[in-house]
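1. sharing a model prediction with you, sequence too.
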2 protein chains.
Amino acid sequence: MSINLADIERAAERIAPYAERTPVLRNAALDARTGAQLAFKCENLQRAGAFKFRGACNAVMALADHIAARGVVTHSAGNHGAALALAAHLRGIPAHIVVPEGTVKSKAEAIREYGAALHFCAPTLAARELECERIRRQTGATLVHPFTDPGVIAGQGTAALELIQELGTLDIIMTPISGGGLIGGTAIAARALLPEAAVFAAEPEGAADAMESLRRGERVTDVVPDTICDGLRASIGAVNFVLLQEYGVRVLPVSDAQTIAAMRLIFERLKLVVEPSSATVLAAVLRHREHFVGKQVGLVLSGGNVDLDRLPWQNGRD
Amino acid sequence: MSINLADIERAAERIAPYAERTPVLRNAALDARTGAQLAFKCENLQRAGAFKFRGACNAVMALADHIAARGVVTHSAGNHGAALALAAHLRGIPAHIVVPEGTVKSKAEAIREYGAALHFCAPTLAARELECERIRRQTGATLVHPFTDPGVIAGQGTAALELIQELGTLDIIMTPISGGGLIGGTAIAARALLPEAAVFAAEPEGAADAMESLRRGERVTDVVPDTICDGLRASIGAVNFVLLQEYGVRVLPVSDAQTIAAMRLIFERLKLVVEPSSATVLAAVLRHREHFVGKQVGLVLSGGNVDLDRLPWQNGRD
């Protein structure tokens, strides 16, 4: 698979009528605290509440009419599921979203709101893939994988494209890492536009398969995730791991406690509602300060879908 | 007092090097829910977390050097106090902020953080004014009143100026109302730029002195505020009341329960951290739907300074 800047630029054109060009915010207090110049790309303000809409929208809008007509299918109870449902709704085609039994009701509702068909299955990877495959064969729907699909990776790269266009220059760009769609697209855009810039990814210690994969030089897939970052529990994809190696992405670990503290800072200082996954990037700047002092740093806040009845710094108060 | 569009435009130039040009956000779900096209001017993302910085900054930067050197003084434990402290800090002059004993520690800290001198006094209007006067005489500092100062009113009008510039047109513009600085500047800008647009203000039922003043045709100052909107407890100022009458501003009441529900919607849908005062405008659109259906509506989200340990929809859970 070879994705390049032209693919990301085409994705940007394709999604422009549908996606938000999200604002980039700065904050003097956070700059003072970190010793860096931070620019936050607010994908929590993206449609459906996360950057995931970029990739899903690009994949859906790129389908030929006769293929699109048969619909799309994926397995995700999270932001990719909602994003694909919205993208399919906007194109006027069916979406089938496979979610594990026991999915939080509000998440299932968000997907249903966009008019998608929900399919429940047992909460194992095997069961989800089997159910996706069954639907695909039955309906002819196209599988849109949350992070290995080339159209998805190119779409995710549009956030970095916009951030770099807006800032003109930066020394470091960083996103959270999970399956590797966002960091993959980001690395491709950054290398092409700012070859001198360093590309970092923030990863929860409790789901540090990407860091471990880079250390070992081979993809690790047996990490059992244990992190508050519900958007970062997937293992790095095979094509995504190749991108990490090829583009020299450095992965920085953060603890959940650091993520929660950073999330609270983002609420307090940036006045933004973000989900824990988003906060890993600020947590990484605060923990690994030595890489960032004196630097212009672009950070992607990945999403804002969080349970407002149970903000993590309030645990223990119930 | 006569303030006009030119004053607001001069204020916009004066504060441009210091203030944020805050983003304007839209949301498809909230449009669907209200039947209107809503555009939110995000003053919660303004420096010091509220629109108050616009007025304070304009007042401070307009002072002649020899007067500015003696400093500024005001009484406010809230957003105006913090905004004036920051503006004075940016100009490099002393700020004296009079706050009532018993002020929440985090608010006092926010003011101190900007380098202002805090002066505590008894929690009555008389005591606060006496202490301001004492400081003024002792130091020669200039009083910057939170909402009757013409420079403050012109500064607050810059939020509407930017909103109208960005949208091009709108049918209705609405802000929260308390002392009347924000709605005053907004009405002046709107009348000059969009003479056909209606100007509304959202007011808590528990502090509805502006609505009652308009009804009686004379300023009511004996309302004892009882509302969760800590930014909206002041009584309408004398010059501000004249502006309300002159510009035909219509005041719409909202209950605290409606404000809390709207605040939660803003967190959930717009992914923005706002304080209760900000949410009154969305609450008013939802309650007084008949005025807004089918209309282009500009809403000013006034601020984002809220206690994150105690979000109001979580009351009763402690």
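-> On my side now, so go ahead. This is a predicted model, so every value here is computed, not measured.
2. any idea how far the closest residue to chain B within the stretch 101-250 of chain A is from A:Ala85?
-> Residue nearest to chain B within the stretch 101-250 of chain A (C-beta to the nearest C-beta): A:Glu113, separated by 8.3 Å. Every residue, glycine included, has its C-beta placed from N, CA and C. Separation of A:Glu113 from A:Ala85 (C-beta to C-beta, to the nearest Å): 8 Å.
3. these two - which one has more neighbours?
-> A count of neighbours by other C-beta atoms under 10 Å in any protein chain shown puts A:Ala85 above the other of A:Glu113 and A:Ala85, at 27 against 14.
4. give the contact list for the more buried one.
-> Under the criterion of C-beta atoms under 8 Å, 6 or more residues apart in numbering or on different chains, the neighbours of A:Ala85 are A:Ala48, A:Ala95, A:Ile97, A:Ile111, A:Tyr114, A:Gly115, A:Ala116.
5. can you select the buried ones among these for me in PyMOL?
-> Applying 16 or more other C-beta atoms under 10 Å in any protein chain shown to these leaves a buried subset, and the PyMOL line that selects it is:
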select buried, chain A and resi 48+95+97+111+114+116
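6. list just the nearest of the contacts of A:Ala85 to A:Leu270.
-> For the contacts of A:Ala85, the closest approach to A:Leu270 (C-beta to C-beta) belongs to A:Ala48, at 20.3 Å.
7. name the SS class of that closest one, please.
-> Assigned with DSSP: H, G, I helix; E, B strand; the rest coil, A:Ala48 falls in the helix class.
8. ditto for A:Ser2
-> Three-state assignment for A:Ser2 (three-state DSSP): coil.
9. distance of it from chain B?
-> Using C-beta to the nearest C-beta, to the nearest Å, A:Ser2 is found at 35 Å from chain B.
10. same check on A:Val98?
-> In this view, A:Val98 and chain B are 24 Å apart by C-beta to the nearest C-beta.
11. what about the helix or strand containing A:Met211, average pLDDT?
-> A:Met211 belongs to helix A:209-216 when assigned by DSSP states H and E. Here helix A:209-216 scores 97 as its mean pLDDT.
12. chain B contacts on the stretch 1-150 of chain A?
-> Contacts of the stretch 1-150 of chain A with chain B, taken as C-beta under 8 Å from any C-beta of the partner chain, map to A:Pro23, A:Leu25, A:Ala28, A:Asn44, A:Leu45, A:Arg47, A:Gly49.
13. now for those: which two are most distant?
-> Maximum distance among the residues of the stretch 1-150 of chain A next to chain B (C-beta to C-beta): 29.2 Å, for A:Ala28 and A:Arg47.
14. of these two, who's got more company?
-> Applying other C-beta under 10 Å to A:Ala28 and A:Arg47 shows that A:Arg47 carries more neighbours, namely 24 against 11.
15. quick one: A:Gly27 from A:Thr186, how far?
-> No, residue A:27 isn't Gly; it's Asn. Distance, A:Asn27 to A:Thr186, by C-beta to C-beta: 21 Å.
16. I misspoke; the intended subject was A:Leu299.
-> From A:Leu299 to A:Thr186 the distance is 11 Å (C-beta to C-beta).
17. what do you get for A:Ala126?
-> Using C-beta to C-beta, A:Ala126 is found at 31 Å from A:Thr186.
18. could you pull out the helices for chain A?
-> All helices of chain A, identified by DSSP state H, fall at A:5-15, A:28-34, A:52-62, A:65-68, A:79-91, A:105-113, A:125-139, A:150-167, A:181-193, A:209-216, A:238-246, A:256-265, A:276-287.
19. okay if I get those helices as JSON lines plus distance to B:Phe241?
-> Below are these laid out as JSON lines (distance: least, C-beta to C-beta, whole Å):
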{"stretch": "helix A:5-15", "distance to B:Phe241": "49"}
{"stretch": "helix A:28-34", "distance to B:Phe241": "36"}
{"stretch": "helix A:52-62", "distance to B:Phe241": "47"}
{"stretch": "helix A:65-68", "distance to B:Phe241": "59"}
{"stretch": "helix A:79-91", "distance to B:Phe241": "47"}
{"stretch": "helix A:105-113", "distance to B:Phe241": "44"}
{"stretch": "helix A:125-139", "distance to B:Phe241": "63"}
{"stretch": "helix A:150-167", "distance to B:Phe241": "43"}
{"stretch": "helix A:181-193", "distance to B:Phe241": "53"}
{"stretch": "helix A:209-216", "distance to B:Phe241": "61"}
{"stretch": "helix A:238-246", "distance to B:Phe241": "62"}
{"stretch": "helix A:256-265", "distance to B:Phe241": "40"}
{"stretch": "helix A:276-287", "distance to B:Phe241": "44"}
